[in-house]
Structure formats: C-alpha cells, structure tokens
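[1] return atomic coordinates for the entry below.
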Amino acid sequence: MAWCAALLIVVGWGALMASMERHADLFTAVPASMRAGLRIAAWALFAISFALFVGTLGIEQGPVYWTVCLMLGAIAVVLSATFGSSRTVRGR
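    Prediction:
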C-alpha cells in the first residue's frame with residue numbers, strides 16, 4: 001500500500017509541475033482553469049497518499065515516511081524533467 005501512496009506522490013508532483021507557467025518549454029500552454037485543476041488534483045493526491053501512509057504505517061511512522069517520499073518524489077520529477085528537456089532539445 002505504501003508503494004501506491006509513493007506513486008500518488010510522484011503523480012502529484014508531476015501535476016503540480018505541469019501547472020506552473022515557467023515550465024511551458026516542456027508542456028504546451030496550459031489554460032488558467034486547467035492549471036487550477038492540476039493544482040487541486042496534486043494537493044488531493046498528496047492528501048490521499050498521506051492518509052494511505054498513516055493508515056498503513058500508523059500515526060508514528062506514517063508522516064515520517066510520507067515526508068521522505070515527498071522529497072524523493074520531488075527529486076525524481078525534477079530530474080526527469082531536467083534530463084527529459086535536455087533530450088528533447090538535442091533531438092530537434
């Protein structure tokens with residue numbers, strides 16, 4: 001169950017990153033209403049993953065592992081965006 005929560009965190013970071021205007025070089029221009037929807041979806045995924053971690057690991061360890069997965073998920077999304085954008089620029 002913790003793996004599902006970790007996957008939700010990575011998807012949440014991806015949705016949050018896609019909603020930012022400064023990442024328009026990776027994505028096409030996203031309308032304002034869609035950006036708001038992506039932000040809401042990202043925070044909802046974070047909340048669901050928190051509930052899954054607390055439900056699986058308990059109130060003592062759940063938030064700790066959730067915080068670690070938040071950090072690792074952010075690193076994974078940023079690295080994939082960084083290396084993915086350099087690959088697309090070279091491929092042109």
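
[2] could I have stretch 52-68 exported to CSV, CA atoms only?
    What follows is stretch 52-68, C-alpha atoms only, in CSV (Å, rounded to 0.1, in the frame of the first residue of the first chain):
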residue,chain,number,x,y,z
LEU,A,52,-2.5,5.8,2.9
PHE,A,53,0.8,6.2,4.7
VAL,A,54,-0.9,6.8,8.1
GLY,A,55,-3.3,4.0,7.5
THR,A,56,-0.6,1.6,6.6
LEU,A,57,2.3,2.5,8.9
GLY,A,58,0.5,4.2,11.8
ILE,A,59,0.4,7.7,13.1
GLU,A,60,4.0,7.4,14.4
GLN,A,61,5.8,6.4,11.2
GLY,A,62,3.3,7.3,8.5
PRO,A,63,4.1,11.0,8.4
VAL,A,64,7.8,10.4,8.5
TYR,A,65,7.7,8.0,5.5
TRP,A,66,5.3,10.4,3.7
THR,A,67,7.8,13.3,4.1
VAL,A,68,10.6,11.1,2.8
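
[3] what does it contact?
    Contacts to stretch 52-68, defined as Cβ atoms under 8 Å, 6 or more residues apart in numbering, come from residues Met1, Ala2, Cys4, Ala5, Leu8, Ile9, Ser49, Phe50, Cys69. Backbone N, C-alpha and C define where each C-beta goes, glycine included.

[4] chain center to it: distance?
    Centroid separation for stretch 52-68 versus its chain: 18 Å, with Cα atoms, centre = their mean, to the nearest Å.

[5] and it, which residues are buried?
    Residues of stretch 52-68 classed as buried: Leu52, Phe53, Val54, Leu57, Gly62, Tyr65, Trp66 (neighbour count, 16 or more other Cβ atoms under 10 Å).

[6] avg pLDDT for that stretch?
    Mean per-residue pLDDT for stretch 52-68: 95.
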